[in-house]
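1. quick one: sequence plus predicted model below, questions after.
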2 protein chains.
Amino acid sequence: MPQPPSKPTRYQRTRKDHSTETAEDYVEAVAELIDANTQCRLVDLAQYFGVSHVTANRIVARLVKQGLLRTEPYKPIELTLTGRRLAKSCQERHEIVRSFLIAIGLDSATADIDSEGIEHHVSPQTVELFRRFVKRGQPNSSD
Amino acid sequence: MPQPPSKPTRYQRTRKDHSTETAEDYVEAVAELIDANTQCRLVDLAQYFGVSHVTANRIVARLVKQGLLRTEPYKPIELTLTGRRLAKSCQERHEIVRSFLIAIGLDSATADIDSEGIEHHVSPQTVELFRRFVKRGQPNSSD
DNA sequence: AAACAAATGTAGCCAACGCTACACCTTTGT
DNA sequence: ACAAAGGTGTAGCGTTGGCTACATTTGTTT
């Protein structure tokens, strides 16, 4: 009888931690907002993601518990060292994906949207291929 | 004062419906499993996604309610016409993403994993660019 | 036919991520 | 200084998706 596809491994990794994706998004956003506004308030985050301040608040609380963010009641939100590191690597990956999409001919508005969605699902190998492609404007070439 | 980035629109679309992604994944899996095994049982689905049969069951129930799947107690799971259409388009998109990744030099194992994650986040424009790229083995060229 | 194994269903728990409504603190402006 | 406005916190609710444990049905095997 035919074997079922059964590729649980694949999915194990694909849907690893949704909360990890959220963590990355928020940490990245906090970094961007601080960069743009000097400080990051809860409302800024909520507006950034288009969610209520309640949702943003709960997620921030979780990330504080996880040691990525730091804040005090009614105070702005800051990045811990760990958070800052994570934000930086996410921003870099994000930018690579975005410029790759543009390099293959996508308009920058759509590249903005797609890169947000894609960034959490590219393996390091893929990121590296994207990076090289952008650099040369060419596909690989087994080196 | 500096303007905050504030790109809620982008995120509105990025995180549209997680349940839509799940729906697409499940419908696609049902199609694959039927294709491979003649029929699709709950256990097969559960194993495919690496979740318990309870989780799979609940999701199947939702998709039945949404008109994508059809089943009866203790019977195999089938696709409705709508479900079959959705499955087909997802499979096509998935395959385009997968072959694109391979075309830029990714190994097929990693391409399997990454394409699963990426497929839900590529706009039609991006899919089209991927498709053309695969066909020519070349980047675009504004035509 | 009875017994056993496997598949499915159901109950009930947990966490993440949405929300509204309301309370409370801070900041601003008069 | 005080009132209004705006930011933040908290209570409580809904949905999705994950689980274990247990009941039930189906199918197989003796």
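-> Looks like it arrived, so ask away.

2. now the element after the least confident helix or strand in chain A by mean pLDDT, going C-ward?
-> Using mean pLDDT, DSSP states H and E, the weakest-scoring helix or strand in chain A turns out to be helix A:8-14, at a mean of 50. Of the helices and strands lying after helix A:8-14 in sequence (DSSP states H and E), the nearest is helix A:18-37.

3. do the longest helix along chain A and chain B meet?
-> Identified as the longest helix of chain A according to DSSP state H is helix A:81-103. Yes. Against chain B, helix A:81-103 shows contacts by CB under 8 Å from any CB of the partner chain at A:L101, A:A103. For the C-beta atoms, the positions are set from N, CA and C on the backbone; glycine is no exception.

4. alongside DNA strand C, which residues does chain A contribute?
-> A:18-19, A:21-22, A:49-52, A:54-55, A:58-59, A:62, A:73-74 (CB under 7 Å from any atom of the strand).

5. list only those of these flagged as buried.
-> A:E21, A:T22, A:F49, A:G50, A:V51, A:I59 (16 or more other CB atoms under 10 Å in any protein chain shown).

6. is it true that the second one touches A:R58?
-> Right, the one you point to is A:T22. No. Between A:T22 and A:R58 there is no contact under CB atoms under 8 Å: 10.6 Å.

7. could you list the domains of chain A?
-> Domains of chain A are assigned by automatic domain parsing as A:17-84, A:92-136.

8. out of these, deepest packed?
-> Compared across these, domain A:92-136 shows the largest average neighbour count, a mean of 19 (mean count of other CB atoms under 10 Å in any protein chain shown).

9. one step back: can you put the domains of chain A in CSV and add distance to DNA strand D?
-> Shown next, in CSV, are the domains of chain A (distance: least, CB to the nearest atom of the strand, whole Å):
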stretch, distance to DNA strand D
domain A:17-84, 3
domain A:92-136, 15
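
10. and whichever strand or helix holds A:T110, how far from the chain's centre?
-> Taking DSSP H and E as the criterion, A:T110 maps to helix A:108-118. Mean-position distance between helix A:108-118 and its chain equals 12 Å (CA atoms, centre = their mean, to the nearest Å).

11. okay, the angle between that helix and helix B:81-103?
-> Per axes from the mean of the first three to the mean of the last three CA atoms, to 10 degrees, the angle that helix A:108-118 makes with helix B:81-103 is 100 degrees.

12. could you dump helix A:108-118 to CSV, C-alpha only?
-> Provided in CSV are the C-alpha atoms of helix A:108-118 (Å, rounded to 0.1, in the frame of the first residue of the first chain):
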residue,chain,number,x,y,z
SER,A,108,8.5,48.4,-2.9
ALA,A,109,5.0,48.7,-1.4
THR,A,110,4.2,45.1,-1.9
ALA,A,111,7.8,44.2,-0.9
ASP,A,112,7.1,45.9,2.4
ILE,A,113,4.0,43.8,3.0
ASP,A,114,5.4,40.5,1.8
SER,A,115,8.7,40.8,3.6
GLU,A,116,6.9,41.2,6.9
GLY,A,117,5.2,37.9,6.3
ILE,A,118,8.1,36.0,4.9
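
13. which neighbouring elements make contact with that helix?
-> Counting contacts by 3 or more CB pairs under 8 Å, 6 or more residues apart in numbering or on different chains; DSSP states H and E, helix A:108-118 packs against helix A:81-103, helix B:8-14, helix B:124-136.

14. rank these by pLDDT, which is bottom?
-> In terms of average pLDDT, helix B:8-14 trails the rest of the helices and strands packed on helix A:108-118, at a mean of 48.

15. now A:E24: how far from A:L86?
-> 7 Å (CB to CB, to the nearest Å).

16. next: A:I118.
-> Counting by CB to CB, the gap from A:I118 to A:L86 is 18 Å.

17. let's have the buried ones among the residues of chain A next to DNA strand C in a markdown table, adding pLDDT.
-> A markdown table is the format used below for these (pLDDT from 0 to 100):
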| residue | pLDDT |
| --- | --- |
| A:E21 | 94 |
| A:T22 | 96 |
| A:F49 | 96 |
| A:G50 | 95 |
| A:V51 | 96 |
| A:I59 | 98 |
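
18. nearest to B:A111 among these?
-> Closest approach between these and B:A111, by CB to CB: A:E21, at 20.5 Å.

19. surely that closest one touches A:I118?
-> No. Using CB under 8 Å, A:E21 is not in contact with A:I118; the gap is 11.5 Å.

20. quick check, pLDDT for A:I118.
-> Value for A:I118, per-residue pLDDT: 97.
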